[in-house]
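below are the sequence and a predicted model for it; my questions follow.
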Amino acid sequence: MSNDQALTAPEREVLEAANDPILQQMLAEERVEATSMDSALLWRILGYLRPHAWLAAAAVGAATLEALLLTLPPWVVGLAVDRLQGAAEPTGVGGWLTALATRLGALLPVENPASALFVAFGLLVGGLWSVRWGLGAASMYGVQMLGQRVIHDLRVDVYRHIMSMDLGYFHANPVGRLVNRATFDVQSLAELFTDAVAEGMRDVLFVLVLMAVMVSLDAPLGLLLIGAFPILAVCAELYRRLGRPALRSMSAVQSRMNGWMAENLAGMRDNQLYRRRARRRAEFRALTQAHQAAVTRVIQAWGFVRPGMMITSGVATTLVLWIGSGRVEAGTLTLGILLTFLQYTSKLWVPVRNLTEKFNLIQTSLTSAERIADVLDATTKMKSASSANAALQVQRGEVRFENVSFRYEGTSRDVLHSISFSAAPGTTLALVGDTGAGKSTVAHLLSRFYDTTEGRVLVDGHDVREYSLQKLRAGIALVPQDVVIFAGTLRENITLGAEVPDERLTECLKAVCAGDLLSQLPGGLDHELEESGRTLSQGQRQLLAFARALVANPPVLLLDEATANVDTQTEVKIQQALQELTKGRTAIVIAHRLSTIRDADQILVLRHGEVIERGDHASLLSQDGEYARLYRTHLRSQTGSVGG
């Protein structure tokens, strides 16, 4: 979407309202237009009915019987009129209904036979409506339950698929977009199943049954009403063409609003501290105006199409009355059948109108289905190779990089360029260098969040691609700079769902100098931590991350600037924890504070993706090169912070 020529009218309107360059990018990235027809898209979503086929069959069966019963009361009324006027006895179903009413009238304690027959027809209509209500309740319950189960399965599939994607996918897709897919878009499909499908299936069946009954009663009048359906189909297609682009724009704005809201709520402290509240309010107001512009486009499309549908239904009803009354006068049609047709005509437009009004919901749902299909069709670049050995596990922890080069997708510059190194089992390897030197990329390649562009990464002498992803990552623990704390108990945040005895958890917490947490937090291991661990200090978060790694007990440990954001006192405690954590493990330490890696067995100095120096702390200082410069800079910053 590099120029205005590529923008649709709804997209231009929302961009003018929002004046947000990120929204413009998201409109380009989110222009997901299904390559298949809407019917194929619906069939794909309806494929989720297969595991619940018995419930679907029961719901459809009840809805079909309900649709059949809905056609009978008007027919019975018409039969009663013809019977009372002395018309000829009907045949088929009409004859059977008349005979049933006649027998019922004979059983009633009414002296006048005509009155008894009239009451009998009334009782028959009441009985039909009572059975229809029971079937309607059963079919509605069944379809609602079916819809909820289908949406549960779909929601789980979407989340499972997102969880299976590689890091590159998350870099390319903002959080707001993925949250929108897993919540708003799935909920939109939930409304499709529980509202449009629940009522729509009954309405469609009623229309189909009613059309068959009308043609069987009187073919000319029946075909006259059926002839209005192509016009209604044209109206529906017009709405699809006019409304779908606006619905797509609305979904993109919704994704942007979700991401904007999450970002600014997380940064509320800075917004208040730097007095940005007025600016943020203006930005959010612009986004809501953009959303309103897209919604207005949808309303305009519906406002244009709906009158056409109403005019079509009105003209068809008028024609039935005009032609039917003429045929009654000519004696080719009974008054009862005309009365039945007039009732059918009024009843026919109720489900048709319901279906057309549901068309708005269906279009919204299809727009969401396009986006959900886009998520489910995305394939991860990181998956276990077909040739991977499922029994292969990381045991010793030997790590080796052989002439490894790497560049991120969509870029032309190598982040790493032909680097080679090895770390023997149980040793500590440190990576240092300026920001952007490629240190964290080494950790990502070792964990196989990405694959190398050239060269090989080996663990225990095996290429990481020979391992299944699950077994490879089971042998590696990562302690990041920014530790994620989940809402839940302290125990759950350490084990992350694994079954670990409390005694082991307590030992690990004490081993990494986090034993004080058990006494400081009420409830100990059962203490409920708030979202993002707001009540924990940065140092406490880091110690919890160490406890996680120690509980996992992996042969390989990755420390990605784990001491970068802690105070000096906490750093001393973390240094003690590191001694315990790295004992007997291969540790690769990405260091910001060089004082933490003095005892490393090997230190690699990276610059622009290349290893420019290697050795231990003492030998690198004696070279008086890049490492020595970095170390002197670190000492000056430490002295300055102490002096301050």
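Received the coordinates, thanks.

how does the chain divide into domains?
Structural domains of the chain, as assigned by automatic domain parsing, span the residue ranges 4-377, 399-643.

mean neighbour count and mean pLDDT added to those domains, as a markdown table?
In this view, the C-beta of every residue, glycine as well, is placed from N, C-alpha and C. Putting these into a markdown table (neighbours: other Cβ atoms under 10 Å; pLDDT from 0 to 100) gives the following:
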| stretch | mean neighbour count | mean pLDDT |
| --- | --- | --- |
| domain 4-377 | 17 | 76 |
| domain 399-643 | 18 | 84 |
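
need those domains in CSV (columns: distance to Ala385).
Converted to CSV, the domains of the chain look like this (distance: least, Cβ to Cβ, whole Å):
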stretch, distance to Ala385
domain 4-377, 14
domain 399-643, 5
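
so which of the ones you listed gets nearest Ser384?
Shortest separation from Ser384 across these is recorded for domain 399-643, at 4.3 Å, computed as Cβ to Cβ.

distance from the chain centre to the closest one, please.
When distances are taken as Cα atoms, centre = their mean, to the nearest Å, domain 399-643 is centred 32 Å away from the chain's centroid.

one more: stretch 123-137?
Stretch 123-137 sits 41 Å away from the centroid of its parent chain (Cα atoms, centre = their mean).

now do the same contact list for the residue nearest the centre of the chain.
For the chain, Ala182 is the residue whose C-alpha lies nearest the centre (Cα atoms, centre = their mean; 1.6 Å). The neighbourhood of Ala182, defined by Cβ atoms under 8 Å, 6 or more residues apart in numbering, consists of 155, 158-159, 162.

skipping adjacent residues, who's closest to Val204 in space?
For Val204, the nearest residue in space outside its immediate sequence neighbours is Leu355; the separation is 7.0 Å by Cβ to Cβ, 6 or more residues apart in numbering.

hmm, the one you found is touching Leu205, no?
No: in terms of Cβ atoms under 8 Å, Leu355 does not count as a neighbour of Leu205; the distance is 11.4 Å.

and stretch 386-403, how far out from the chain middle?
The chain centroid and the centroid of stretch 386-403 are separated by 34 Å, computed with Cα atoms, centre = their mean.

the one helix or strand Gln187 maps to packs against which elements?
Gln187 is part of helix 186-191 when elements are defined by DSSP states H and E. Helix 186-191 makes packing contacts with helix 113-163, helix 335-377 when contacts are defined by 3 or more Cβ pairs under 8 Å, 6 or more residues apart in numbering; DSSP states H and E.

okay, these in a markdown table with distance to Ala514 next?
Formatted as a markdown table, those follow (distance: least, Cβ to Cβ, whole Å):
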| stretch | distance to Ala514 |
| --- | --- |
| helix 113-163 | 28 |
| helix 335-377 | 38 |
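
hey, C-alpha coordinates of whichever strand or helix holds Asn271 in PDB?
With elements delineated by DSSP H and E, Asn271 resides in helix 268-273, which encompasses its position. In PDB, the C-alpha atoms belonging to helix 268-273 read as follows (Å, rounded to 0.1, in the frame of the first residue of the first chain):
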ATOM      1  CA  MET A 268       0.900   4.700  32.000                       C
ATOM      2  CA  ARG A 269       3.600   5.700  34.400                       C
ATOM      3  CA  ASP A 270       5.700   7.400  31.700                       C
ATOM      4  CA  ASN A 271       2.600   9.000  30.100                       C
ATOM      5  CA  GLN A 272       1.800  10.600  33.500                       C
ATOM      6  CA  LEU A 273       5.400  11.500  34.400                       C
END
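
so how far is that helix off the chain centroid?
Here helix 268-273 shows a centroid-to-chain-centroid distance of 30 Å under the convention Cα atoms, centre = their mean.

that one: what's the following helix or strand?
Beyond helix 268-273 on the C-terminal side, the first helix or strand identified by DSSP H and E is helix 277-330.

so that next one versus helix 335-377, what angle?
Regarding helix 277-330 and helix 335-377, their directions subtend 150 degrees when assessed with axes from the mean of the first three to the mean of the last three Cα atoms, to 10 degrees.

helices or strands next to helix 277-330 in the packing?
Using 3+ Cβ pairs under 8 Å, 6+ apart as the contact criterion, the secondary-structure elements in contact with helix 277-330 are helix 9-18, helix 219-226, helix 229-266, helix 335-377.

so which of the ones you listed gets nearest Glu503?
Distances from Glu503 to each of those were compared using Cβ to Cβ; the minimum, 36.6 Å, belongs to helix 229-266.

what is the closest one packed up against?
Here helix 229-266 is seen to pack against helix 9-18, helix 21-29, helix 175-180, helix 277-330, helix 335-377 when contacts are counted using 3+ Cβ pairs under 8 Å, 6+ apart.

just want the angle from that helix to helix 335-377.
Put simply, helix 229-266 runs at 40 degrees to helix 335-377, going by the same axes, to 10 degrees.

distance from helix 229-266 to the middle of the chain?
Distance, centroid of helix 229-266 to centroid of chain: 16 Å (Cα atoms, centre = their mean).

report the angle between that helix and helix 9-18.
Put simply, helix 229-266 runs at 30 degrees to helix 9-18, going by the same axes, to 10 degrees.

that older thread, who wins for proximity to Ser386 among the domains of the chain?
domain 399-643 (10.6 Å).

for Val295, see how far away the closest residue to Val179 other than its chain neighbours is.
Of all residues not flanking Val179 in the chain, Asn258 sits nearest, at 5.2 Å (Cβ to Cβ, 6+ apart). Spatial separation of Asn258 from Val295 under the definition Cβ to Cβ, to the nearest Å is 16 Å.

gap between Leu342 and Gln623?
The separation that Leu342 has from Gln623, given Cβ to Cβ, amounts to 100 Å.

who's in contact with the residue nearest to Val204?
Contacts were defined as Cβ under 8 Å, 6+ apart; by that measure Leu355 touches 200, 203-204, 207.

tell me which of those residues is nearest to Arg279?
Lowest distance from Arg279 to the contacts of Leu355 (Cβ to Cβ) belongs to Gly200, with 45.6 Å.

which residues of the stretch 501-644 of the chain fall in helices?
502-511, 516-520, 538-552, 568-581, 617-623, 626-643 (DSSP state H, counting those that start in this stretch).

I'd like to know which of those helices is closest to Trp302.
In terms of Cβ to Cβ, the element of those nearest to Trp302 is helix 538-552, at 50.6 Å.

what's the nearest residue to Thr489 if we skip its chain neighbours?
Thr489 sits nearest to Asp526 (Cβ to Cβ, 6+ apart), 5.3 Å away.

against Glu492, how distant is that neighbour?
Between Asp526 and Glu492 the distance, using Cβ to Cβ, works out to 10 Å.

cool, and Lys471?
Distance from Lys471 to Glu492, counting by Cβ to Cβ: 24 Å.

sec struct for Thr379, please.
Thr379 falls in the coil class when you classify it by DSSP: H, G, I helix; E, B strand; the rest coil.

could you list every residue that touches Asp203?
With contacts defined as Cβ under 8 Å, 6+ apart, the neighbours of Asp203 are 351-352, 354-355.

tell me which of those residues is nearest to Gly584?
The shortest approach to Gly584 among the contacts of Asp203 belongs to Leu355, at 68.8 Å (Cβ to Cβ).
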